[in-house]
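[1] make a model of this:
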Amino acid sequence: MQAAINAVHTDGPATDWTQVLALYDHLLHLSPTPIIALNRAVAVAEVHGPAVALACIQDLDLPGYHLLPATRADLLTRLARTSAAIAAYDEAIALATNDTERTFLRTRRARLRADS
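    Residues are numbered from 1 along each chain as shown. Just a heads-up that it's a prediction; the model follows:
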């Protein structure tokens, strides 16, 4: 399933997010883990919008996993909820375990502050 999802991402000039979502739906059925649910939410955001995706991740329990608040921050940014997005970026930065990821997240947060 994961190879099929990868193939869709690399097949052609644009990702077929509807197909990616269908594959994640199937993968989540086979392996209902919070990380797969988080990855599925990214596809949900592309197909159904960031508000629906935000609802999908609301109850996920991934303590210490920086990509959950990072994803939340991105979705909140897309919804123009700047202060909540900045707080989510702060949480992701605190949880990130390497400098490259922290730098990326700080850059995204700085763009939000500059635009607000």
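
[2] residue ranges of the helices in the protein, please?
    With DSSP state H as the criterion, the chain has helices at 2-10, 17-30, 34-48, 50-57, 67-78, 82-95, 99-115.

[3] could you give the mean pLDDT of the third one?
    Meaning helix 34-48. Across helix 34-48, the average pLDDT comes to 98.

[4] helices or strands up against that helix?
    With contacts defined as 3 or more CB pairs under 8 Å, 6 or more residues apart in numbering; DSSP states H and E, helix 34-48 has these neighbours: helix 17-30, helix 50-57, helix 67-78. Where you see a C-beta, it was placed from the backbone N, CA and C, and this is true even at glycine.

[5] give me the distance from the second one to the chain's centre.
    On the basis of CA atoms, centre = their mean, to the nearest Å, helix 50-57 is displaced by 10 Å from the centre of the chain it belongs to.

[6] again, but for stretch 93-103
    Using CA atoms, centre = their mean, the offset of stretch 93-103 from its chain centre is 16 Å.

[7] try stretch 40-51
    With CA atoms, centre = their mean, you get 9 Å for stretch 40-51.

[8] list of residues touching that stretch?
    Identification of contacts with stretch 40-51 by CB atoms under 8 Å, 6 or more residues apart in numbering yields 15, 17-18, 20-21, 24-25, 27-28, 52-53, 56-57, 71, 74-76, 78-79.

[9] mind doing that once more with 10 Å?
    5, 8, 15-25, 27-28, 37, 52-58, 60, 67-68, 71-72, 74-81 (CB atoms under 10 Å, 6 or more residues apart in numbering).

[10] all good on my end, thank you.
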